[in-house]
Structures are given as structure tokens and as C-alpha cells.
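> quick one: sequence and predicted model below, then my questions.
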Amino acid sequence: MNPFKKIFLFVIFLLFYLLANISTGDEEGGHMHGSEGEGISTGSGKGPTIHEYTIPTPYSQPVGIAVDSKDNVWFTAQSSHRLVKFDSSKSTFKEYDLPSVKELPKTDWKYSPNEKVPPKEAFDVRAIGGPGAIIVDRNDKIWFLELLGNKIDFFDPDTEKFTEYKIPTQNSQPHDLSIDSKGNLWFIEWNSGNLGKLDINSKKITEYTLKDVTSRLSNLVIDTDDNIWVSDHANNEIGKFDIKEKKYKPFPIGTRNSKPGKLLIDSSKNIWFAETSGRKIAMLLPATGIISEAPLPGYNSAPYGIIFDKKGRLWYIDNMRNKIGFFDIETALFNEFDIPTVNSQPMNMAIDSKGDIWFTEAERGANKIARLVMSTVPEIATAKPVESEGIQEVSAEGQGAEDVNRIPFWIYSSVILLGVVIIMAIFLLKRKRV
């Protein structure tokens, strides 16, 4: 065969190889799409059953989610400005308009691409809620935050009535909330750097300035001593607010620009958190300030919600890769499953009395909540081991090894193949001249 034909065939083969890998991804970055109601494991074998439930109101954008003692699922619908209850025993929804939405003027205006006439009515969009984070207290009462309305909302399921508490700092954008041992509600303010407390007895809100306005406090959790732990996107740190001394102590994260998000505390008082941009699950030892990090299997991962199951495994939502998975703390292994709805943008998780995990699918078109049936999770290990250099321990003052920009295997192999083609071409050309 003509040597140039051989080169041509090698180039064609290389192009096909590149196209195939860009389309499907490698074992780290690939996306698999499951059938309705069933996820797919990253390893061999069948994945767990995932049931999805479509919300009656279109484009409602579910965000926060919580489960009460009767296994009723409560979630916030950010775009429709509603609190929603899902009766898991009957698979029925009940939606509640926020008080601020009920007060808005009624209008018959509809968009027309031909007339392009604006509505006569006008209102302040900041007053219509945008509900986000939600929790259920020990009495099965519902608390949630209004991101746009700048309020804390209380809802009594027995009376079906709301009570709203206005946050003193304007446009604070409250982001997350939790309840301490005395029943007081604590929350953080994304736009102000403040930590807020709603006294359960006096119903008075007190604010503590932890950082300046350039910080971006995203999530919080409360330990057994009622100390408040927060994550800060802008300053790339986990912080502890000592409730007795009213002092704040930062713990810098080794991975740069990791954007720490959801926080959990385990039985040993270790602080676990998701690094949304760092693409890792991490653990902070409060006594030493050492942070251990485990990179997720996907090179383009974006871990968001995290939760512990009844076996002590850390479950996480991968918002970018449309997966739900768990990290086995004892073996340092990951196991992942695809969410049936493509590009569902999963956000937050909650666990019910059976151990099943509920989560929100926040993409406007997806418009669903979902339940992963824990009893169907494969017991046979199909997990992907963390790379030998993957679990890193870095001090709070140090910097961890950067692997957030890891290059996929198929790029390495493609470069090698291209090099082989070039070398062969040079060799054949020299041979022909001789």
C-alpha cells in the first residue's frame, strides 16, 4: 500500500477516536442516561430504583427539601413562590402560595409577540419571595428562607398559616438555616457577611457580623455545643462561630477557589463539606485544622447537596454530571448512579424514616422531586477507587495539590496517537527520498 495512504488511514482513525471520546467521555467524565424510574451504576450491575414525581405547576423550580416525622416531603418552589407538600403515601401534591404572592395585584396581561404591549401593573420583584432553604423542626413545623423577599417564614401544617419575619439587613439574601439545641433558628446572609439568629421565645432577630460584604457565606451547620460552622465561597474557608465567646475562627481550604457549600457533622464532630468548584468531598478535623479531600470520579464534577445515610455513607448530588452517589468513608470508594431525567440539575437532599433519599431537580423543564429507594442500592462493590494520590491531607495554612483541572485519559492517548502518526509520516517520507 502507498505509504501516504497508510498515513491517511491513521489520521482518519485518530479523528474517529477523538470524536467518539468527545461525545461519550471516558470512565471519569462520561454521562449515561437511565430509563424512567431507574438509575444506572457507574460500575457493572444494575443501579438503584429512582422514582420521579412531576410537580403540578410547570417551571416551579424546586430547591430546598425536608421530610417530617410522618414522611411527608416538604420543598420550596423558587419560581412559583410556593411551599409544597408531597404526601409520599398517596403520591399527591399540595401547594401553598406565600403570603407576599397573595398580596400581588391580579392581572390579565399576557405576552404577545405582535402587539408587544407591556403590563399596566408594576410591582417590586424583591417582595415576592423566592423561597430556598427549608427545615422541619422537632414539632414538625416548617421553616424556610425567602431569598428575594428577605424573610424567614414559619408554616404550621395544622393551621396551614404562615408567619413571616423580616430580616433587618436589606437585600441580605438569606442562604441557609439550622436550629440549635434551644430551638432558636440561625441563618446566614449571602450578601452581607452576617450570621442571624431568630430567638424562638422573643421572636427577635439578632445579627452578628462574621465577615465583610465581599464574603459569600453559603451554608451552615450547628454542632452539639451550639457552635455555628459556616462555609464561605469568596474567602475559600470554613469558619467556626463560638456562640459563647462570640468569636469567629476561619479554617482556610487548601484547594484554591473550591467554593465550599453544604456542611455536615459526623458522630466524631468532624466537619464534612462539598467543594463545588474543587470537585471534591472534604473533611475538617476541628482540633488540628487538617482538611482531608477526596476528588470525585468525574473531572467535571460539581458536588452540591450532601447527606449521611443510616450506614454512615456520605451521599452527594453531582449537579454538573446529573448523578447521585455515595462516598464510603471506611473504604474511600465512590459509587455513582445516573438520574433518569437528563440535565435535571439536582440540588438538595433529605432522608426519610425508611432511609430513602429524596432530592429536588431544579432545572425548570425537569420540575420534579425524586426518591432513591435505599433497599435497591447494589451491595456488590461497583465503586470506583479514589486515585492513590487522591485523598490529600492539608493543614489549614497550607495548600493542597491542585487536581481540579485534571486532563482526561482520552486526551493523553489522543496526543500519543497523533505523535505516532507524525513520526511514521516523517519516517516514510525519508525512506521514499532514499
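In hand now; what should we look at?
> can you find the helix or strand of this protein with the lowest average pLDDT?
strand 38-40 (a mean of 35; mean pLDDT, DSSP states H and E).
> quick one: residue 204 from residue 174, how far?
From residue 204 across to residue 174, the span is 16 Å (Cβ to Cβ, to the nearest Å). Quick note: C-beta positions are derived from backbone N, CA and C, even for glycine.
> do residue 150 as well
7 Å.
> quick one: common contacting residues for those two?
Taking Cβ atoms under 8 Å, 6 or more residues apart in numbering as the contact rule, residue 150 and residue 174 both touch residue 167.
> so for the two, which sits in the more crowded spot?
Taking neighbours as other Cβ atoms under 10 Å, residue 150 and residue 174 compare with residue 174 leading, 26 against 22.
> care to break the chain down by domain?
Domain ranges of the chain: 1-26+408-434, 38-406, per automatic domain parsing.
> name the stretch among the ones you listed that sits most buried.
Neighbour counts (mean count of other Cβ atoms under 10 Å) averaged over each of the domains of the chain peak at domain 38-406, with a mean of 18.
> tell me the mean pLDDT for the longest strand belonging to the chain?
The longest strand of the chain (DSSP state E) is strand 46-54. Strand 46-54 shows a mean pLDDT of 92.
> please name every helix or strand in contact with that strand.
strand 38-40, strand 333-338, strand 368-372 (3 or more Cβ pairs under 8 Å, 6 or more residues apart in numbering; DSSP states H and E).
> give the other helices and strands that the last one contacts.
Put plainly, it is strand 368-372. strand 46-54, strand 62-67, strand 357-361.
> okay, the ones you listed in CSV with distance to residue 273 next?
What follows is those, written out as CSV (distance: least, Cβ to Cβ, whole Å):
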stretch, distance to residue 273
strand 46-54, 25
strand 62-67, 18
strand 357-361, 18
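> out of those, nearest to residue 222?
strand 62-67 (15.6 Å; Cβ to Cβ).
> tell me the angle of the helix or strand following the closest one relative to strand 46-54?
Note on strand 62-67: by DSSP states H and E, the next helix or strand toward the C-terminus is strand 72-77. Between strand 72-77 and strand 46-54, the angle comes out at 70 degrees (axes from the mean of the first three to the mean of the last three Cα atoms, to 10 degrees).
> rewinding a little: the helices and strands packed on strand 368-372: which one's closest to residue 247?
If we rank the helices and strands packed on strand 368-372 by Cβ to Cβ, the stretch that ends up nearest is strand 62-67, at 29.7 Å.
> okay, that closest one in PDB with CA atoms only?
Output in PDB follows, covering the C-alpha atoms of strand 62-67 (Å, rounded to 0.1, in the frame of the first residue of the first chain):
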ATOM      1  CA  PRO A  62     -37.900  23.100  43.400                       C
ATOM      2  CA  VAL A  63     -34.800  23.900  45.500                       C
ATOM      3  CA  GLY A  64     -34.900  23.100  49.300                       C
ATOM      4  CA  ILE A  65     -36.300  19.900  50.600                       C
ATOM      5  CA  ALA A  66     -37.100  18.300  54.000                       C
ATOM      6  CA  VAL A  67     -39.000  15.300  55.400                       C
END
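> got the contact list for that strand?
Counting by Cβ under 8 Å, 6+ apart, 55, 73-78, 84, 131-136, 142, 144, 347-353, 358-362, 367-369 sit against strand 62-67.
> and it, how far out from the chain's middle?
Centre-to-centre, strand 62-67 and its host chain are 12 Å apart (Cα atoms, centre = their mean, to the nearest Å).
> mind listing what that strand pairs with, with the direction of each?
Strand pairing for strand 62-67, determined by DSSP bridges: strand 72-77 (antiparallel).
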